[in-house]
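Enquirer: Sequence unavailable; structure follows:
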Ligand code: UDP
Ligand code: MG
């Protein structure tokens, strides 16, 4: 059993897409084992996306992710890191496969509705960024 971190970004929350995203996770057999609404300060956003520091989109991305409430979840399942990435679709929604969250709902390469960890090490670090082990059920 594997774990990953999912974030519904400020665009997804403000557009009323929380239920839609969660429905897709649950219908595909993914288990949600932790969930909360929260905000990232600009500083916390910079820490979360530290791997992208120095890239041309870093300033705008960290402003965006700190611009409003987000929904943060721990997802659990077999191969759930890749499974979640498959449900999300490509970073650039124009390249995302039809039926993926980003193909269906993203409006911009930045405002692409969801975040998902990309590897076991980043999943562990990203989960710990938001949740203590006591907050994760199951
Ligand atoms: N992003 C952007 N412009 C780019 C690449 C990425 O604004 O050219 C944003 C986008 O919101 C993306 C996030 O930065 O989801 C993190 O980028 P990454 O390459 O890690 O994509 P992801 O793992 O989210 O698919
Ligand atoms: Mg990434």
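Expert: Received, thanks. Remember, it's a predicted structure, so these values are computed and weren't measured experimentally. Ligands and ions are numbered 1, 2, ... in the order given.
Enquirer: Please list the residues of this structure that sit near ligand 1.
Expert: Within reach of ligand 1 by Cβ under 6 Å from any ligand atom, the chain has these residues: 52, 57, 61, 91, 109-110, 112, 115, 118. For the C-beta atoms, the positions are set from N, CA and C on the backbone; glycine is no exception.
Enquirer: Could you pick out the buried ones from the residues you listed?
Expert: 61, 112, 115 (16 or more other Cβ atoms under 10 Å).
Enquirer: which one of those residues sits closest to residue 18?
Expert: residue 115 (13.8 Å; Cβ to Cβ).
Enquirer: From the contact counts, what lies against the strand or helix carrying that closest one?
Expert: Assigned by DSSP states H and E, residue 115 falls within strand 114-116. Judged by 3 or more Cβ pairs under 8 Å, 6 or more residues apart in numbering; DSSP states H and E, strand 114-116 is in contact with strand 2-8, helix 80-88.
Enquirer: Just send these back as TSV, with mean pLDDT and mean neighbour count too.
Expert: Shown next, in TSV, are the helices and strands packed on strand 114-116 (pLDDT from 0 to 100; neighbours: other Cβ atoms under 10 Å):
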stretch	mean pLDDT	mean neighbour count
strand 2-8	99	23
helix 80-88	98	20
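Enquirer: For residue 136, which of those is the nearest?
Expert: The closest of the helices and strands packed on strand 114-116 to residue 136 is strand 2-8. By Cβ to Cβ, the value is 7.8 Å.
Enquirer: Can you tell me what sits against the closest one?
Expert: For strand 2-8, contacts defined as Cβ atoms under 8 Å, 6 or more residues apart in numbering pick out 17-18, 21, 25, 33, 70-81, 84, 113-117, 120, 123-124, 126-127, 129-130, 136.
Enquirer: Would you mind getting the angle between it and helix 80-88?
Expert: 30 degrees (axes from the mean of the first three to the mean of the last three Cα atoms, to 10 degrees).
Enquirer: Parallel or antiparallel, which strands does strand 2-8 pair with?
Expert: strand 70-77 (antiparallel), strand 114-116 (antiparallel) (DSSP bridges).
Enquirer: continuing past the shortest one, what's the next helix or strand?
Expert: Sequence-wise, the next helix or strand downstream of strand 114-116 (DSSP H and E) is helix 120-130.
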